[in-house]
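Trainee: The amino acid sequence is not available; the structure is as follows:
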């Protein structure tokens, strides 16, 4: 699996970052609003925003004293689209899933463990 796919899935796998992504998909928000909605400290929210910015899916825009964050829709959609191959492959595998079980590796492992026990 490609590193960029794994990195994107790691970003989405965190509950807080996913909540921030969902909030920013509705509208631009400043850190204070995100803190208030999540009930989290400024350093914690800033940490998650920093990771989201580093991934390229969130951008910031300084407006006077305030910094507003937004979801970069184009980048986010590109990242989602680049992962459709993974989900298509999983869907295809599930549709064509084999129901028989292979015991060859299990038997080899069992035989190896048995011979190790005899040697002791």
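Mentor: Arrived safely. This one's a predicted model, so the numbers in the text were calculated from it and none came from an experiment. Numbering: from 1, shown residues only.
Trainee: drop to CA atoms for contacts and neighbour counts, all remaining ones
Mentor: OK.
Trainee: Any stretches of this structure with poor pLDDT?
Mentor: The chain contains residues with pLDDT under 70 at 1, 113-120.
Trainee: now the strands for it?
Mentor: For the chain, the strands defined by DSSP state E cover 29-30, 58-63, 66-71.
Trainee: Pull the residues that contact the first one.
Mentor: Outside strand 29-30, the residues within contact range by Cα atoms under 8 Å, 6 or more residues apart in numbering are 66, 67, 68, 69, 70.
Trainee: go again using 6 Å as the cut-off
Mentor: Strand 29-30 is contacted from outside by 67, 68, 69, using Cα atoms under 6 Å, 6 or more residues apart in numbering.
Trainee: re the thing from before, mind putting the strands of the chain into a markdown table with distance to residue 90 and mean neighbour count?
Mentor: Shown next, in a markdown table, are these (distance: least, Cα to Cα, whole Å; neighbours: other Cα atoms under 10 Å):
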| stretch | distance to residue 90 | mean neighbour count |
| --- | --- | --- |
| strand 29-30 | 35 | 18 |
| strand 58-63 | 28 | 14 |
| strand 66-71 | 27 | 18 |
